[in-house]
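Participant: Any chance you could fold what I've pasted below:
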Amino acid sequence: MKSFDDKVVAITGAGSGIGRALSLNLARQGALLAISDVDDAGLAETVDLVQGVGAREVRSDHLDVADRAAFAAYAGSVADQFGRVNVVVNNAGVALAGNLEDLEYDDIDWIMAINFFGVLHGTKEFLPHLIASGDGHVVNISSLFGLISMPGQSMYNAAKYAVRGMSEALREEMLVAGYPVGVTVVHPGGIKTAIARNARVSAKEDKAQTAKLFDEKLAKMTPERAAEIIVKGVQGNKARVLVGLDAHAVHHFAKLTGSRYQDIVAKAASRVLPDRTTVV
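Facilitator: Numbers count the residues shown, from 1 in each chain. Okay, the predicted model is just below:
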């Protein structure tokens, strides 16, 4: 997919962050947009912004990506309205911090339903339409934490590793079948979004300190720059896109150290992560 001009692109989590930046980037390139989010106010702002940069056509929907039936109906409705779908960007995601022993099952179910099953729903429901388009692409957002694991992020890691594994297998399946569908899995590092501020945490995590660490120490890249890198990667039909120097550094660190990276990370964590406490 060398050009997005006149391509129908569906983007989840478009109410802010990377999803909004991708919407703006692709609108400027002539894409026809189907954008969704659970944040209605944020989504409305994105609609205004993409229209302001000359979006040719934009459809917006309230969509809970964890709702399988709703996603199935949504994918069919988008295809019916536009007559085709060329690209799906499964971007919607949330965060959950806390050691596994301290996490509640309700929170575990919540993050897995959005971060993994939400991506699965978007991939599977749109896939027949992408194949039928003759020029399709799946873009699934994993994470730097889909490359290595971190203490206090077990369920986020689990979901993002699952996204990576599913996407890589899907790409192989498309190649074996000879279908005209590319698959790109994206691993962003620290991007300036609200994901940490909107995260859930265990009872032994200080949410404010966790968000502060992310916002002040880890989030270095703007969503707009991340969107540029992702779009370029899709145009190059890359199987994997690393976003940010931190993602590249972690990728090479994991390759060089193998499983020993876990011991190194564990030793460094006590000097970097906020103190764990009981938050009332």
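
Participant: got a list of what residue 89 touches?
Facilitator: Contacts for residue 89 were tallied using Cβ atoms under 8 Å, 6 or more residues apart in numbering; they are 9-12, 19, 22, 139, 141. C-beta here means a position set from N, CA and C on the backbone, and glycine is covered the same way.

Participant: Which one of these is nearest to residue 126?
Facilitator: Among the contacts of residue 89, residue 10 lies closest to residue 126 (Cβ to Cβ), at 6.4 Å.

Participant: Which residue ranges of this protein form strands?
Facilitator: Under the criterion DSSP state E, the chain carries strands at the ranges 8-11, 32-37, 57-62, 87-90, 96-97, 136-141, 181-188, 200-201, 240-243.

Participant: in its sheet, what does the fourth one sit against?
Facilitator: Strand 87-90 pairs in its sheet with strand 8-11 (parallel), strand 136-141 (parallel), by DSSP bridges.

Participant: again with the last one
Facilitator: Applying DSSP bridges to the sheet, strand 240-243 is found paired with strand 181-188 (parallel).

Participant: In the stretch 1-150 of the chain, mark out all the helices, start to finish.
Facilitator: For the stretch 1-150 of the chain, the helices defined by DSSP state H, counting those that start in this stretch cover 17-28, 40-52, 68-82, 105-115, 117-133.

Participant: Just give me the neighbour total for residue 259.
Facilitator: Using other Cβ atoms under 10 Å, residue 259 has 7 other residues around it.

Participant: May I ask you to confirm that residue 143 is in contact with residue 187?
Facilitator: Yes - Residue 143 lies in contact with residue 187 (Cβ atoms under 8 Å); the separation is 6.0 Å.

Participant: which of these two has more neighbours?
Facilitator: Between residue 143 and residue 187, residue 143 has the larger neighbour count (other Cβ under 10 Å), namely 26 against 23.

Participant: Am I right that residue 261 is in contact with residue 148?
Facilitator: Yes - using Cβ under 8 Å, residue 261 is in contact with residue 148, at 5.9 Å.

Participant: Overlap of the contact sets of these two?
Facilitator: With Cβ under 8 Å, 6+ apart as the test, residue 261 and residue 148 both reach 253-254.
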